[in-house]
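S.K.: Provide a 3D model corresponding to the input given below.
(one chain, ligands or ions: 1)
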Amino acid sequence: MSRAGRVEIFEVGPRDGLQNESRVLPVETRIAMIRDLAAAGLRTVEAGSFVSPRNLPQMAGTAEVLAGLSGLTRPSFSGESISRSTSDGTQGGDLEIDPPNPINLPVLVPNARGFADALAAKARHIAVFAAASESFSRRNINRGIEESLAEYRPIVAGALAAGLKVRGYVSCVLGCPYEGHVPVSAAVSVATALASMGCQEISLGDTIGVGTPDAARAMTAAVASEIGMQRVAVHFHDTYGQALANVLACLELGVTVVDSSVAGLGGCPYAPGASGNLATEDLVYMLEGLGVETGVDLDRVAAVGRTVCAALGAAPRSRTGQALAAKIK
Ligand SMILES: CC(C)(COP(=O)([O-])OP(=O)([O-])OC[C@H]1O[C@@H](n2cnc3c(N)ncnc32)[C@H](O)[C@@H]1OP(=O)([O-])[O-])[C@@H](O)C(=O)NCCC(=O)NCCSC(=O)C[C@@](C)(O)CC(=O)[O-]
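M.R.: Residues are numbered from 1 along each chain as shown. Here you go, the predicted model:
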């Protein structure tokens, strides 16, 4: 399999990027961040989570964030429509976006209560999140793996029946903060379960960033052999500086959807020691260098990173972002 000529970047900054920060950004700042990311060319921007505000106060007000973004579109760039129909004819896989380029604003949903809240907020794209590690699953959502999958099944069915797009996350695909080694078979099993219940896209999360390219490639290939490469997205954290190398290994396999977070913000409150996500700026820079189209304007996304870091009082973690900032000083 060879590298695709275009990669879809799934921006997780306003959700994954902000959920672990000690400073809670107001709804208006989060709305402005998402608008700016869309203006930089990102067409899928994760907008928040319908989880317990006691657990994650950073994500409180997600309904208001969606309300403030209603009707958001972004400028069109020529020749960028992407069809995600599955080659094997399985259900789902179609994430094609119709003109005039509405922005996809996925939100995380952990249970029936979160799904009801997402529907009430007129969300059009949800993500359920499971894990390949039992211990992480219990700490994260207070459910075991099987229990969480059983809870997600009617949610996914209801979302598809209502015409929503549905993504499924699998955390800890290359290692767990509590259990250490996670076998590939565990990642494959949870990814397959989420795909079978109808999730159109499965994002494989290296939550604590311990993966290296051969391991990332082997795990991704094993999942893709069960659900099809068209449904696979990869989600690397950069804890050990391996995220870009892992992405490259997966691009060589044929992956076309990559998650990243502006300024490299991010981390999971239930994964101690896990640092930021792969930075969107670093990803765009590498893809541009490889001649892979993204539709994202690097300078504009780097400017969003600087603004968000200033609002958070956080140091930017993107190497590309730092290099570009140094040039404009
Ligand atoms: C999942 C729950 C809610 C279960 O939490 P629980 O305690 O089992 O839920 P419960 O049903 O027993 O209810 C307890 C309280 O939570 C409330 N509650 C219950 N559900 C909701 C809801 N949907 N929205 C708002 N409130 C809710 C409920 O109303 C009740 O409130 P109280 O009566 O005590 O005042 C909780 O454990 C939680 O919020 N966990 C946060 C999980 C999370 O957001 N983790 C981070 C995202 S995952 C991630 O980052 C990984 C990823 C995706 O990026 C990929 C990767 O890198 O690996």
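S.K.: How many residues are close by the residue in the chain that the ligand sits nearest to?
M.R.: Nearest residue of the chain to the ligand: G205, at 2.8 Å (Cβ to the nearest ligand atom). For the C-beta atoms, the positions are set from N, CA and C on the backbone; glycine is no exception. If you count neighbours by other Cβ atoms under 10 Å, G205 ends up with 29.
S.K.: which SS class is it?
M.R.: When classified by DSSP: H, G, I helix; E, B strand; the rest coil, G205 comes out as strand.
S.K.: And stretch 152-172, what's buried?
M.R.: 152, 155-156, 158-160, 164-172 (16 or more other Cβ atoms under 10 Å).
S.K.: for stretch 270-285, same thing?
M.R.: Buried residues in stretch 270-285, defined by neighbour count with 16+ other Cβ under 10 Å: 270-271, 274-285.
S.K.: got the CA positions of the host helix or strand of G289 in PDB?
M.R.: Assigned by DSSP states H and E, G289 belongs to helix 280-290. What follows is helix 280-290, C-alpha atoms only, in PDB (Å, rounded to 0.1, in the frame of the first residue of the first chain):
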ATOM      1  CA  THR A 280      -1.300  20.100  14.100                       C
ATOM      2  CA  GLU A 281       1.500  22.500  13.000                       C
ATOM      3  CA  ASP A 282       4.100  19.700  13.100                       C
ATOM      4  CA  LEU A 283       1.800  17.400  11.200                       C
ATOM      5  CA  VAL A 284       0.900  20.000   8.500                       C
ATOM      6  CA  TYR A 285       4.600  20.800   8.100                       C
ATOM      7  CA  MET A 286       5.600  17.200   7.600                       C
ATOM      8  CA  LEU A 287       2.700  16.500   5.200                       C
ATOM      9  CA  GLU A 288       3.500  19.600   3.100                       C
ATOM     10  CA  GLY A 289       7.100  18.400   2.900                       C
ATOM     11  CA  LEU A 290       5.900  15.000   1.700                       C
END
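S.K.: next helix or strand past that helix?
M.R.: Following helix 280-290 in sequence, per DSSP H and E, is helix 298-312.
S.K.: and the angle for that next one with helix 280-290?
M.R.: 170 degrees (axes from the mean of the first three to the mean of the last three Cα atoms, to 10 degrees).
S.K.: In PDB, could you pull the C-alpha coordinates for the one helix or strand A222 maps to?
M.R.: If you go by DSSP H and E, A222 is part of helix 213-227. Extracted C-alpha coordinates of helix 213-227, given in PDB (Å, rounded to 0.1, in the frame of the first residue of the first chain):
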ATOM      1  CA  PRO A 213       6.800   3.000  14.400                       C
ATOM      2  CA  ASP A 214       7.000  -0.800  14.000                       C
ATOM      3  CA  ALA A 215       4.500  -1.300  16.900                       C
ATOM      4  CA  ALA A 216       2.200   1.400  15.500                       C
ATOM      5  CA  ARG A 217       2.300  -0.100  12.000                       C
ATOM      6  CA  ALA A 218       1.700  -3.700  13.200                       C
ATOM      7  CA  MET A 219      -1.300  -2.700  15.400                       C
ATOM      8  CA  THR A 220      -2.800  -0.500  12.700                       C
ATOM      9  CA  ALA A 221      -2.400  -3.100  10.000                       C
ATOM     10  CA  ALA A 222      -4.000  -5.700  12.300                       C
ATOM     11  CA  VAL A 223      -7.000  -3.500  12.900                       C
ATOM     12  CA  ALA A 224      -7.300  -2.500   9.300                       C
ATOM     13  CA  SER A 225      -7.300  -6.200   8.200                       C
ATOM     14  CA  GLU A 226     -10.500  -6.600  10.200                       C
ATOM     15  CA  ILE A 227     -12.400  -3.300   9.600                       C
END
